[in-house]
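S.K.: Here is a sequence together with a model predicted from it:
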Amino acid sequence: MRKCRLFFEKTGKTKYISHLDLMRVFRRMFNRAEIPLKHSEGFNPHPLLSIVLPLSLGQESVCEFLDVTFEDEVGSFLRLPERLNPYLPNGIRITRAAVPLMKPGDIALVRSELTAVSGAWNLPAANITVEKKTKSGNIRQIEVDASALERVGETTIACTLPSDVSPQLLANTLGVEYCEIRRAAVFDGRGKEFE
Amino acid sequence: MWTYSNKELTINTIMTIEQILTRVQKPARYIGGEFGEIFKPDAEIRFALCFPDTYEIGMSNLGIQILYSVLNNMDGVSCERCFAPWDDMARELKSANLPLFALESGGALSDFDIIGFSLGYEMSYPAMLQMLELANIEPYSKNRGNGLSPIIVAGGACIANPEPIAPFIDLAVFGDGEEAIAEITELYRRAKREGLSKRDFLKLASELEGIYAPSVHKDCGNVKRRIVKDFDSSHFPAKTIVPSTEVVHDRAVLEIMRGCPNGCRFCQACFINAPVRYKSVDTLVKQAIAALKHTGAQELNLASLSTGDYPSLTELIERLLDYCEPRHINLSLPSLRVDSFSKELMERVQRTRKSGLTFAPEAGSQRLRDVINKNITEDEILGACRVAFEGGHSSVKLYFMIGLPEETDEDVLAIADLAYKVLSVWKESGRNKQRGVQITVSVACFVPKPGTPFAKFTQNSVAEFERKQRMLREKLKNKSIKYSWHNPQVSYVEWKLATGGRELAPVLLEVANSGKALQAWDEFFDFRLWRDALVNSAEWPDDYYVPYKGYYPSHTKEAGGNSDA
């Protein structure tokens, strides 16, 4: 198989590396490890790699996905993390490599952990409405079920939101001024973990 | 969580930095932790390598990578980096009362033993002073006391005339820095162990070759320029830091030679980097492969002042392409002299990718090109363009200067004539007529620089530059020709800073404190700011014509090329 999904973490200071910069980091990683990627055809060929669900700048994650197509056979996928990790900056770490089982479009829900740094969580008893500005400038109202929120620590809550709703919006709605956000898990529409 | 390993940072400081980083533009500039970063938390000597411009510019600078590598290769020495913050970050640091910090440890700049600034462009002086201010370091060296640290040392092209910044620095390195900086650091280690005072240390340091100590020497007139003699085996940083974020030049750099054989009279780089030294093809191929393997870069740049003059260029390119082509790596060459530009060379580089071509005739007329010692003929310029167009290129860039010594209006208009001649060459030889052609005519304002034969030439006034620019604009109205020009006000300030003396120090400080310290950037450059500061220090003559006041190291004249202009 030449198509591969790499599962990776992006924590610590690397949360300030933007999506486009992260693509560059991974391209360089494959170059250094001398594992060539397949290139697109055309006038200006580019390597085939994509990050499945780009993370907002400033958020950490322990479940990111990078889809790549290799130029040649690369041997066992099991060995890929140890072959690639030496070529990454501290904070970005590949945990697993496998054949993709689901399509990126299958992603429906994202579980995140929010740790309040200033302010405190007051979890609502009933459902709440989160407002999101769409690209066309309209306001979209999204109802969040109270059961999607749970307290997991003194200053930390976990929430499971549709994948197109930023957890930052929830924090704003709940009136927490500044919190750290960490993506914890990604699911398809039936609640099965994305893989 | 933040992974700074410096124990001095309290949790509150870390939280404040984190919150600031979520608000500023391009936070990746301030986090460090890139692939190839070196951090030695327990080192005896801490050196902060500072660059008074943004991360993106500084990390593209080969000198910074060389010095970082040289210093971190020394036992017990830790070199960390610090760049000028963008104005949003500078404001945030000030309002949070956080000191400017180095990227590796997050430690405050003021805690370092030695603070080194790389100064390649005079317009970045205010940014250097702002960095000191943000680090709560007293800018004037005489006010910093006689404790040994921090020692502030500067190096780079600007040291051809260090006088405007002399009141702020303890030491300046004149010439090649990679050996001198190690000697200074070693000497500092001795001074620290023996408990020497700053005065004693500076006295010892002032005896090293190429080192200027403003508090010891009367002026920089007798300082001998430092030259790396064995360039082939000089330190090559194979394991460079690879930025995670996009920088100006995202590529591996191979310095194939230092110095330039051409001796163009206006060119400071030629005189302050003399003599010409080459690395051997074998060394370069070995270094290129090491750098490409380490960085994973997709582009390899053959850097030098005049790459076309490298004696075995064809052999070098041939051997590098053997490695690069199968790996989709592009070779890039900086602007070439037209007389060294052959069809053969172009085809070799093109095997990977067709990039834009840049030629620098510098002056429009043959007479003026002879005055400045730019020994290329019009036939050679047009011939090079013909080769480019026949090879399928549909754009060329031509670099010129106005305000050169002995220039007449005819010489200025000859720039336009030359552009139209290039256009006719395309009409005869261009391969794809429907696609059209783009001839970019970029015209800079000549800044007489110290160390060159033209150092004492009085620059054209701003008004005179503007008149010449208007003249050219009228003549260059053509859809195939793109005319761009430099702001003569910037060039004027650049000239003052390049040729001025210590009287400019308060001017620099005033501009640095204006909130617009990044004067090298168009969005911050403010001529009124400079004018007001110059007026305040009585350095503003009514007619813009200031007498030459620099104190240049006298021996730069004999450094290379013709100096009898």
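M.R.: Looks like it came in fine. Residues are numbered from 1 along each chain as shown, chains lettered A, B, ... in the order given.
S.K.: Near chain A, which residues of the stretch 151-300 of chain B are found?
M.R.: When proximity is defined as Cβ under 8 Å from any Cβ of the partner chain, the stretch 151-300 of chain B approaches chain A at B:242, B:244-246, B:250, B:293-298. Every C-beta, even on glycine, is put in place using the N, C-alpha and C of the backbone.
S.K.: Can you add pLDDT and give the residues you listed back as CSV?
M.R.: Formatted as CSV, those follow (pLDDT from 0 to 100):
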residue, pLDDT
B:242, 92
B:244, 91
B:245, 89
B:246, 84
B:250, 81
B:293, 93
B:294, 93
B:295, 92
B:296, 90
B:297, 91
B:298, 87
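S.K.: Among those residues, which one lies nearest to chain A?
M.R.: Nearest to chain A out of these is residue B:296 (Cβ to the nearest Cβ; 3.2 Å).
S.K.: The nearest residue to that closest one once chain neighbours are set aside and residue B:195, how far apart?
M.R.: Once flanking residues are discounted, residue B:296 sits nearest to residue A:31: 3.2 Å by Cβ to Cβ, 6 or more residues apart in numbering or on different chains. With distances defined as Cβ to Cβ, to the nearest Å, the gap from residue A:31 to residue B:195 amounts to 49 Å.
S.K.: which one of the two has more residues nearby?
M.R.: The residue with more neighbours, out of residue A:31 and residue B:195 and counting by other Cβ atoms under 10 Å in any protein chain shown, is residue A:31; that gives 22 against 8.
S.K.: separation between the more buried one and residue A:17?
M.R.: Residue A:31 sits 17 Å away from residue A:17, taking Cβ to Cβ as the criterion.
S.K.: And for residue B:509?
M.R.: When residue B:509 is compared with residue A:17 (using Cβ to Cβ), they lie 36 Å apart.
S.K.: Can you mark which positions in stretch B:314-327 are buried?
M.R.: Taking 16 or more other Cβ atoms under 10 Å in any protein chain shown as the basis for neighbour counts, the residues of stretch B:314-327 that come out buried are B:316-317, B:319-321, B:324.
S.K.: Thought residue B:272 was touching residue B:259, still the case?
M.R.: No: using Cβ atoms under 8 Å as the test, residue B:259 is too far from residue B:272 to be in contact (9.3 Å).
S.K.: In space, what's closest to residue 28 - neighbours in sequence excluded?
M.R.: Picking chain A for this. Sequence neighbours aside, residue B:296 is the residue nearest to residue A:28 in space, at 3.7 Å (criterion: Cβ to Cβ, 6+ apart).
S.K.: nope, chain B
M.R.: For residue B:28, the spatially nearest residue (Cβ to Cβ, 6+ apart) is residue B:245, at 3.8 Å.
S.K.: mind listing what that neighbour touches?
M.R.: Contacts of residue B:245 were listed using Cβ atoms under 8 Å, 6 or more residues apart in numbering or on different chains, and they are A:17-18, A:21, A:24, B:26, B:28-29, B:55-56.
S.K.: Phi, psi for it please.
M.R.: Reported as degrees, to the nearest 10, the phi and psi values for residue B:245 are phi -100, psi 160.
S.K.: again with residue B:533
M.R.: In terms of degrees, to the nearest 10, the main-chain angles of residue B:533 are phi -70, psi -40.
S.K.: just checking, what packs against the host helix or strand of residue B:49?
M.R.: When elements are assigned from DSSP states H and E, residue B:49 belongs to strand B:45-51. Using 3 or more Cβ pairs under 8 Å, 6 or more residues apart in numbering or on different chains; DSSP states H and E as the contact criterion, the neighbours of strand B:45-51 among helices and strands are helix B:62-72, strand B:77-83, strand B:114-118, helix B:178-194.
S.K.: List the strands paired with that strand, with their directions.
M.R.: If you go by DSSP bridges, strand B:45-51 pairs up with strand B:77-83 (parallel), strand B:114-118 (parallel).
S.K.: what's the next secondary structure element after it?
M.R.: Going down the chain from strand B:45-51, the next helix or strand is helix B:55-58, by DSSP H and E.
S.K.: That next one: how far from the chain's middle?
M.R.: The gap between where helix B:55-58 is centred and where its chain is centred comes out at 11 Å by Cα atoms, centre = their mean, to the nearest Å.
S.K.: now do stretch B:108-120
M.R.: Averaging C-alpha positions (Cα atoms, centre = their mean) puts stretch B:108-120 18 Å from its chain's average.
S.K.: Stretch A:16-36 now?
M.R.: In terms of Cα atoms, centre = their mean, the centre of stretch A:16-36 is set 16 Å apart from its chain centre.
S.K.: residues making contact with that stretch?
M.R.: Outside stretch A:16-36, the residues within contact range by Cβ under 8 Å, 6+ apart are A:10, A:37, A:47, A:49, A:51, A:54-55, A:57-58, A:66, A:68, A:70-72, A:74, A:83-84, A:86-89, A:92, B:21, B:27-28, B:30-31, B:35, B:242, B:244-246, B:250, B:293-298, B:327.
S.K.: Out of those, name the ones that lie in helices.
M.R.: When those are checked against helices (DSSP state H), the matches are A:83-84, B:21, B:293-295.
S.K.: What residues does residue A:126 make contact with?
M.R.: Shown in contact with residue A:126 (Cβ under 8 Å, 6+ apart): residue A:146.
S.K.: Would you confirm that it belongs to a helix?
M.R.: No: when the secondary structure is assigned by DSSP: H, G, I helix; E, B strand; the rest coil, residue A:126 falls in coil instead of a helix.
S.K.: Tell me which helix or strand residue 172 sits in.
M.R.: Assuming you mean chain A. Here residue A:172 sits within helix A:167-173, counting by DSSP H and E.
S.K.: try again with chain B
M.R.: With the criterion set as DSSP H and E, the secondary-structure element containing residue B:172 is strand B:171-173.
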